[in-house]
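Participant: mind looking at a prediction? Sequence and model below.
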Amino acid sequence: MARFLVRRIFLGVVVMWLVATVVFILYFVTPHDPARLIAGKDATAQMLTDVRIRLGLNEPIIQQYFSYLGRLVQGNLGYSYFNSEPVSTIIGQDLPVTASLAIGGAVLWLIIGVLAGVLAATRPRSVADRTVTGLALLFYSMPTFLLGELFLLLLFFRLHLLGFDFFPGSGYVGITQSVGGWAQHMILPWFTLALVTGAVYARLTRGSMLDVLGEDYVRTARAKGLSERRVVYRHALRAAITPVTTQFGIDLGTLLGGVIVTETVYGLPGLGQQIYNSISRQDLPVIIALVLLASAFVVTANILVDAVYALLDPRVRLT
């Protein structure tokens with residue numbers, strides 16, 4: 001297992017190096033002038049020269065590249081062009097919001113999707129199966145922003161008119177400030193993510209379970225007199241959950257990089273909002289840091305998924 005993890009981590013480091021190199025080429029080698037972005041359109045030639053010297057843009061490109069890698073290894077992400085605030089501080093403020101949204105939504109959609117898929121698979125062609133399939137198709141076809149707006153209309157605006165203010169319309173309360181307030185502000189965004197994404201997991205779990213329930217070892221377990229609950233959840237689901245685990249790792253890693261639509265709908269000051277604002281302002285240090293952070297989340301999620309996949313499926317060799 002240790003050798004397996006070392007190889008996966010080494011591969012992840014190589015991928016991150018390649019991503020960092022591509023980002024450097026895109027933003028520092030391609031023909032555009034970062035100094036112009038900082039100094040503004042009305043900057044004089046002397047101002048541009050001073051900015052280039054301060055940022056090291058006047059140095060040879062290979063020296064800029066190794067300085068760039070050295071800063072990344074040390075965790076130095078630079079300063080925002082927009083307000084001169086350290087990029088690490090900006091990310092540190094926004095990451096808890098996105099992490100709260102992504103992890104909470106992921107737990108919900110995993111529970112909803114897997115349980116709904118198991119229910120449909122164990123009762124094929126029944127009312128339960130058709131209901132799960134129909135609802136999964138409905139939510140899978142519904143854009144996230146539309147479901148979010150419907151929740152705001154029905155559960156915030158309409159209830160607010162009736163005197164019920166349980167669901168906040170926007171904003172964020174840190175978990176360290178108030179656990180109840182944090183959950184109250186996150187519940188609608190969580191279910192917005194969970195219902196849309198859980199539809200995919202319901203269909204994926206259903207299809208995988210239908211394949212597994214016809215295997216010989218499942219029939220053998222039933223022939224031994226094991227309860228149907230144990231057959232389904234102890235034997236069949238363990239084998240059927242492997243493709244769900246793979247999808248889960250990819251989705252969670254991607255969401256941790258920024259949930260732009262959901263954060264915008266609910267006014268959450270997370271990484272998704274920061275990505276949008278940074279692109280609008282052409283704030284290169286923040287954009288670069290967010291791209292690398294999103295890549296790191298995806299790489300880490302895939303390493304964890306590989307390890308969990310090997311533990312769930314004994315046919316996968318830990319090599």
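Facilitator: Nice, thanks for sending it over. Numbering: from 1, shown residues only.

Participant: apart from its neighbours in sequence, what residue is nearest residue 173?
Facilitator: In space, and not counting its chain neighbours, residue 173 is closest to residue 181: 3.8 Å by C-beta to C-beta, 6 or more residues apart in numbering. No exception for glycine: its C-beta is placed from N, CA and C like everyone else's.

Participant: residues near that neighbour, how many?
Facilitator: Residue 181 sits with 15 neighbouring residues when counted by other C-beta atoms under 10 Å.

Participant: how much space between it and residue 166?
Facilitator: Distance, residue 181 to residue 166, using C-beta to C-beta, to the nearest Å: 12 Å.

Participant: and residue 99, by the same measure?
Facilitator: On the measure of C-beta to C-beta, residue 99 and residue 166 end up 24 Å apart.

Participant: compare those two (neighbour count), which wins?
Facilitator: residue 99 (15 against 10).

Participant: the more buried one looks like it's in a helix, true?
Facilitator: Yes: judged by DSSP: H, G, I helix; E, B strand; the rest coil, residue 99 forms part of a helix.

Participant: who are the contact partners of it?
Facilitator: residue 256 (C-beta atoms under 8 Å, 6 or more residues apart in numbering).

Participant: could you do residue 120 as well?
Facilitator: Counted by C-beta under 8 Å, 6+ apart, residue 120 has contacts 128-129, 132-133, 202, 206.

Participant: what's the separation between it and residue 133?
Facilitator: Counting by C-beta to C-beta, the gap from residue 120 to residue 133 is 6 Å.

Participant: so what's in contact with the two at the same time?
Facilitator: By C-beta under 8 Å, 6+ apart, the residues touching both residue 120 and residue 133 are residue 206.

Participant: now residue 86. Its backbone dihedrals?
Facilitator: phi -60, psi 140 (degrees, to the nearest 10).

Participant: can you report how many residues lie near it?
Facilitator: The burial count for residue 86: 14, using other C-beta under 10 Å.

Participant: repeat for the one 5 residues further on
Facilitator: Burial measure for residue 91: 17 neighbouring residues, criterion other C-beta under 10 Å.

Participant: before we move on, what about residue 62?
Facilitator: Neighbour number of residue 62 under other C-beta under 10 Å is 8.

Participant: on the three-state scheme, it is what?
Facilitator: helix.

Participant: helix/strand/coil for the one residue sitting closest to the centre of the chain?
Facilitator: Residue closest to the average C-alpha location in the chain (C-alpha atoms, centre = their mean): residue 255, at 1.5 Å. Here residue 255 is recorded as helix under three-state DSSP.

Participant: settle this for me: it is touching residue 104, isn't it.
Facilitator: No: the criterion here is C-beta atoms under 8 Å, and residue 255 misses it with residue 104 at 10.5 Å.

Participant: what's residue 58 sitting at in phi/psi?
Facilitator: phi -90, psi 0.

Participant: isn't it up against residue 52?
Facilitator: Yes: with contacts counted by C-beta under 8 Å, residue 58 reaches residue 52, the gap being 4.7 Å.

Participant: tell me which of those two has more neighbours.
Facilitator: Just comparing residue 58 and residue 52: by other C-beta under 10 Å the higher neighbour count belongs to residue 52, 18 against 12.

Participant: in what helix or strand does that one lie?
Facilitator: Per DSSP states H and E, residue 52 falls inside helix 45-55.

Participant: give me the mean pLDDT for that helix.
Facilitator: Averaging pLDDT along helix 45-55 yields 72.

Participant: then it to CSV, C-alphas only?
Facilitator: Extracted C-alpha coordinates of helix 45-55, given in CSV (Å, rounded to 0.1, in the frame of the first residue of the first chain):
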residue,chain,number,x,y,z
ALA,A,45,7.3,54.3,-19.8
GLN,A,46,9.1,54.9,-16.5
MET,A,47,6.2,53.5,-14.5
LEU,A,48,6.2,50.4,-16.7
THR,A,49,10.0,50.0,-16.3
ASP,A,50,9.7,50.3,-12.5
VAL,A,51,6.9,47.7,-12.4
ARG,A,52,8.9,45.2,-14.5
ILE,A,53,12.0,45.6,-12.3
ARG,A,54,9.9,45.1,-9.1
LEU,A,55,8.3,41.9,-10.5
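
Participant: quick one: contacts for the closest residue to residue 195 other than its chain neighbours?
Facilitator: With sequence-adjacent residues excluded and distances taken as C-beta to C-beta, 6+ apart, residue 195 is closest to residue 139, at 4.8 Å. Shown in contact with residue 139 (C-beta under 8 Å, 6+ apart): 147, 195-196, 198-199.

Participant: same thing with residue 102?
Facilitator: Residue 102 touches 193, 252, 255-256, 259, counting by C-beta under 8 Å, 6+ apart.

Participant: remind me which residues of the protein are low pLDDT?
Facilitator: 1, 29-43, 51, 54-56, 258, 312-319 (pLDDT under 70).
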